[in-house]
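Undergrad: Okay, sequence plus prediction incoming.
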Amino acid sequence: MASSTPHPPILKQPVRLACVQLASGPDKAANLAHAATKVREAAATGAKIVVLPECFNSPYGCDHFPSYAETLLPSPPTESQSPSFHALSAMARDNAVYLIGGSIPELVATTTNQDDSQKEKKTYYNTSLTFSPSGALLATHRKIHLFDISIPGKITFRESDVLSPGNTLTIIDLPDYGRVAVAICYDVRFPELAMIAARRGCFALVYPGAFNLTTGPLHWKLLGQARAVDNQVYVALCSPARDMSAGYHAWGHSMVVDPMAEVLVEAGEGEGVVVAELEGERIEEARRGIPLRDQRRFDVYPDVSRGFEEP
Ligand SMILES: O=C(O)CCC(=O)C(=O)O
């Protein structure tokens, strides 16, 4: 029921966030080197939170996940187990930024004893790593909702043919600023995640993603604005650049949406960096003007954030 308890500020100080809409190809080492250049460019704008796209260092597609997958556990992995882990850590440290490192395919290999012989089982995830300005790993998010869709004549995609889903929601404390939630692409379609994260005090929901030319024009911006307006938080969507010579055509249009659902910055199709200033007062203003948080009727419907265990 409505109450008007005071709410503590959820963003400690204004912060600039950059989405790097990256062009990448089949050469992982080249992709990592190029990402480092673009993260430097993003940091030079004054951005202190930098976001990379989903599958930023490989082509996107089920055929590619196993050959590009890296082992992240035990953490920290060695350089040869995960060159991407080390490259991302260095990008964060070299530029003194929080780096939400898009996503990479992750391999978890386990051995089991069966009938006196050892069997190796390989499990793959779509995984996002976030690093602190000192280069320390802050969080790992494994895509929870796998991208399995079929729109006849347009697009069929079945990540679950190859990938396994993650099972935890990812809320990250950035000590200088406050909390953000990270989820990956198709995860944006599930408002429960966003609601829980916002009610746990996140000032921004960050989605590395790679929508396509069918659902991108229909839903990408709509979903970004929907998650923002429902939760009165900032939303950042970060896509790869579109490459019509690649097997998968990403929509592009990386953007940052404010707590009133206004699109603050939006990229086009090609490579680029978009930057927005996030301010706690803008969140408070939205929440004062339209006081949803004090008007929810949890006596009529359940609060999905109740019972969620913090990691
Ligand atoms: O939800 C969509 O339409 C696209 C999702 C997607 O591309 C992904 O999860 O990688």
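TA: That came in fine, so what should we check first?
Undergrad: and the helix or strand of the chain with the lowest mean pLDDT, how far from the chain's centre?
TA: Across the helices and strands of the chain, mean pLDDT, DSSP states H and E gives its lowest value to strand 104-114, namely a mean of 92. The chain centre lies 24 Å from the centre of strand 104-114; the measure is Cα atoms, centre = their mean, to the nearest Å.
Undergrad: ok, and for it, which residues are buried?
TA: Neighbour counts using 16 or more other Cβ atoms under 10 Å place 104-108 of strand 104-114 among the buried residues. (Each C-beta comes from the backbone N, C-alpha and C, glycine too.)
Undergrad: could you say what helices and strands the very next helix or strand once past it packs with?
TA: Downstream of strand 104-114, the next assigned helix or strand under DSSP states H and E is strand 117-131. For strand 117-131, the packing partners by 3 or more Cβ pairs under 8 Å, 6 or more residues apart in numbering; DSSP states H and E come out as helix 65-68, helix 83-95, strand 98-100, strand 104-114, strand 137-142.
Undergrad: Are strand 117-131 and the ligand in contact anywhere?
TA: No - using Cβ under 6 Å from any ligand atom, strand 117-131 stays clear of the ligand, with a minimum separation of 7.6 Å.
Undergrad: In that strand, which residues are buried?
TA: Result for strand 117-131 [16+ other Cβ under 10 Å]: buried residues 124-131.
Undergrad: Tell me the bridge partners for residue 139.
TA: The bridge-partner assignment for residue 139, based on DSSP bridges, gives residue 130.
Undergrad: got the residues of the stretch 1-150 of the chain near the ligand?
TA: 54, 147.
Undergrad: got any ranges where the stretch 1-150 of the chain has weak pLDDT?
TA: Along the stretch 1-150 of the chain, segments meeting pLDDT under 70 span 1-6.
Undergrad: Whether stretch 175-190 contacts the ligand - can you check?
TA: Yes - with Cβ under 6 Å from any ligand atom as the measure, stretch 175-190 is seen reaching the ligand through 185-186, 189.
Undergrad: residues touching whatever residue of the stretch 201-311 of the chain ends up closest to the ligand, list them.
TA: Here the stretch 201-311 of the chain gets closest to the ligand at one residue, residue 215, 3.1 Å apart by Cβ to the nearest ligand atom. Each residue near residue 215 by Cβ atoms under 8 Å, 6 or more residues apart in numbering is listed here: 149, 151, 155, 251.
Undergrad: So the spatially closest residue to the last one that is not a sequence neighbour, which state does it fall into?
TA: Distances taken as Cβ to Cβ, 6 or more residues apart in numbering place residue 216 nearest to residue 251, at 2.6 Å, with adjacent residues excluded. For residue 216, the reduced secondary structure class is helix; criterion used: DSSP: H, G, I helix; E, B strand; the rest coil.
Undergrad: Tell me the spacing between the residue nearest to residue 170 when sequence neighbours are not counted and residue 74.
TA: Distances taken as Cβ to Cβ, 6+ apart place residue 141 nearest to residue 170, at 3.7 Å, with adjacent residues excluded. Per Cβ to Cβ, to the nearest Å, residue 141 is found 18 Å from residue 74.
Undergrad: Residue 43 now?
TA: If you measure residue 43 against residue 74 using Cβ to Cβ, the figure is 30 Å.
Undergrad: Counting neighbours, go ahead and name the busier of those two.
TA: The residue with more neighbours, out of residue 43 and residue 74, is residue 43; 22 against 8, by other Cβ atoms under 10 Å.
Undergrad: Contact partners for the more buried one?
TA: Contacts of residue 43 by Cβ under 8 Å, 6+ apart are 18, 50, 95-97.
Undergrad: cool, residue 216 as well?
TA: By Cβ under 8 Å, 6+ apart, residue 216 lies in contact with 250-253.
Undergrad: Among those residues, which one is most surrounded by other residues?
TA: Among these, residue 250 has the most neighbours (other Cβ under 10 Å), with 27 neighbours.
Undergrad: before we move on, what SS does that residue have?
TA: coil.
Undergrad: my guess is it meets residue 244, correct?
TA: No - between residue 250 and residue 244 there is no contact under Cβ atoms under 8 Å: 10.1 Å.
Undergrad: Farthest-apart pair in the buried residues of strand 117-131, please.
TA: Across the buried residues of strand 117-131, the longest distance by Cβ to Cβ is 21.9 Å; it joins 124 and 131.
Undergrad: Would you mind writing the CA trace of the least confident helix or strand of the chain as CSV?
TA: The C-alpha coordinates for strand 104-114 follow below in CSV (Å, rounded to 0.1, in the frame of the first residue of the first chain):
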residue,chain,number,x,y,z
ILE,A,104,31.9,-14.3,-24.5
PRO,A,105,31.2,-18.0,-24.9
GLU,A,106,32.3,-19.8,-21.8
LEU,A,107,33.3,-23.5,-21.6
VAL,A,108,33.0,-25.5,-18.4
ALA,A,109,34.5,-29.0,-18.8
THR,A,110,33.8,-31.6,-16.2
THR,A,111,34.9,-35.2,-16.1
THR,A,112,32.7,-38.0,-14.7
ASN,A,113,33.5,-41.7,-14.1
GLN,A,114,31.2,-43.9,-16.1
